[in-house]
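[1] here's my sequence, what's the structure:
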Amino acid sequence: MTRLSVNINKIATLRNARGANNPDLIKTALDCERFGAQGITVHPRPDERHIRYNDVIRLKEVVTTEFNIEGYPDDRYMKIIQEVKPAQATLVPDPPEAITSNAGWDTISQAEFLKKTIAKIKGLGVRVSLFVDPVVKMVEGASKAGADRIELYTEPYAAHYHHDRAKAIAPYVDAATCAKKLGLGLNAGHDLDLNNLRFLKQSLPDLDEVSIGHALICDAIYLGLENTIQLYLRELR
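    Reported below is the predicted structural model:
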């Protein structure tokens, strides 16, 4: 079964808007697990506009499912990974000022940097996933760099899903096939929702994990968090 990891960045954004502790990020993470999520994802950015350093430390103490920390592997991020040792570190090529992840790694031009970084993280006993576009040569580069998994950047799929879903999914099938041949685990994330998730799962049967935040939290406003998580899990089944 494909695991659902809930990205709780937006919960922190809402909390930070008023400066207090409502909604309670830690309680939300625990509730997500209680409602069936198999992982919790955070992306602590340097400006702490949503997830803060202390949030990550506190979450490590209570999360019992897979804890996934996304981020650009600068000194700050590497310090967090070394201290927390999450189940998974998902490396993204975002600059600090980026609003959200909007492209995958160039695993060819960044090969040496990624090899050294991945080796350091894996030396801590942490699984490493590289955020990549659905391009076979980038998947091959991720394998050569030593990654355990790739996370396919699914915004292009989501953007074209309603126009021609067969065409939209095609490069992802090729990338997933390549990943399987190379022994890489397969994750996916970005703009996945209740409309496009099932077809993605059906098309990528070896999908290990999806990380979903924005759409899931938006759905929860209307449907409730517990019901929303159950609906996303149903799509993955």
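[2] quick one: pLDDT of the residue most central in space within the chain?
    Nearest to the centroid of the C-alpha atoms of the chain, with distances taken as C-alpha atoms, centre = their mean, sits residue 211, at 4.1 Å. The per-residue pLDDT reported for residue 211 equals 98.
[3] what's around residue 17, how many residues?
    Close neighbours of residue 17, defined as other C-beta atoms under 10 Å, add up to 9. All C-beta atoms are positioned from the backbone trio N, CA, C, and that covers glycine.
[4] for residue 200, same thing?
    With other C-beta under 10 Å as criterion, residue 200 counts 24.
[5] which residues does the closest residue to residue 153 other than its chain neighbours contact?
    Nearest-residue entry for residue 153: residue 104, 4.7 Å, with adjacent residues in sequence omitted and distances by C-beta to C-beta, 6 or more residues apart in numbering. Applying C-beta atoms under 8 Å, 6 or more residues apart in numbering to residue 104 gives the contacts 93, 130-133, 135, 138, 152-153.
[6] let's see the pLDDT reported for residue 70.
    Confidence for residue 70, expressed as pLDDT, is 97.
[7] how close does it sit to residue 17?
    Using C-beta to C-beta, to the nearest Å, we find residue 70 at a distance of 22 Å from residue 17.
[8] quick one: the closest residue to residue 83 other than its chain neighbours and residue 28, what's the gap?
    Using C-beta to C-beta, 6+ apart and skipping the chain neighbours, the partner closest in space to residue 83 is residue 57 (7.3 Å). Using C-beta to C-beta, residue 57 is found at 16 Å from residue 28.
[9] before we move on, what about residue 192?
    19 Å.
[10] what is the lengthiest helix in the chain packed up against?
    Taking DSSP state H as the criterion, the chain has its longest helix at helix 165-182. For helix 165-182, the helices and strands in contact under the criterion 3 or more C-beta pairs under 8 Å, 6 or more residues apart in numbering; DSSP states H and E are helix 136-145, strand 149-153, helix 155-160, strand 185-189, helix 197-203.
[11] state the pLDDT value of residue 118.
    98.
[12] over to the one 5 residues further on?
    For residue 123, the pLDDT comes out at 98.
[13] wait, what's in contact with it?
    Going by C-beta under 8 Å, 6+ apart, residue 123 touches no other residue.
[14] and if you look at the one 3 residues further on?
    Residues in contact with residue 126, defined by C-beta under 8 Å, 6+ apart, are 81, 85-89.
[15] also residue 137?
    So residue 137 contacts residue 108 (C-beta under 8 Å, 6+ apart).
[16] make residue 1 into 36 and carry on from there
    New numbering, starting at 36: the last item is residue 172.
[17] kindly provide the distance from it to residue 43.
    Applying C-beta to C-beta to residue 172 and residue 43 gives a distance of 33 Å.
[18] residue 102 now?
    11 Å.
[19] more neighbours, those two?
    residue 43 (26 against 23).
[20] of the contacts of residue 139 - the most surrounded one?
    residue 165 (30 neighbours).
[21] give me the phi and psi for that residue.
    When quoted as degrees, to the nearest 10, the phi and psi of residue 165 stand at phi -110, psi 130.
[22] please apply the same query to residue 42.
    According to degrees, to the nearest 10, residue 42 has phi -80, psi 120.
[23] pretty sure it sits against residue 79.
    No - with contact defined as C-beta atoms under 8 Å, residue 42 does not count as touching residue 79 (11.8 Å).
[24] among the two, which residue is more densely surrounded?
    residue 42 (26 against 22).
[25] now mean pLDDT and distance to residue 212 too, for the helices and strands packed on helix 200-217, in JSON lines please.
    JSON lines is the format used below for those (pLDDT from 0 to 100; distance: least, C-beta to C-beta, whole Å):
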{"stretch": "helix 171-180", "mean pLDDT": "98", "distance to residue 212": "9"}
{"stretch": "strand 184-188", "mean pLDDT": "98", "distance to residue 212": "12"}
{"stretch": "helix 190-195", "mean pLDDT": "98", "distance to residue 212": "16"}
{"stretch": "strand 220-224", "mean pLDDT": "98", "distance to residue 212": "10"}
{"stretch": "helix 232-238", "mean pLDDT": "98", "distance to residue 212": "11"}
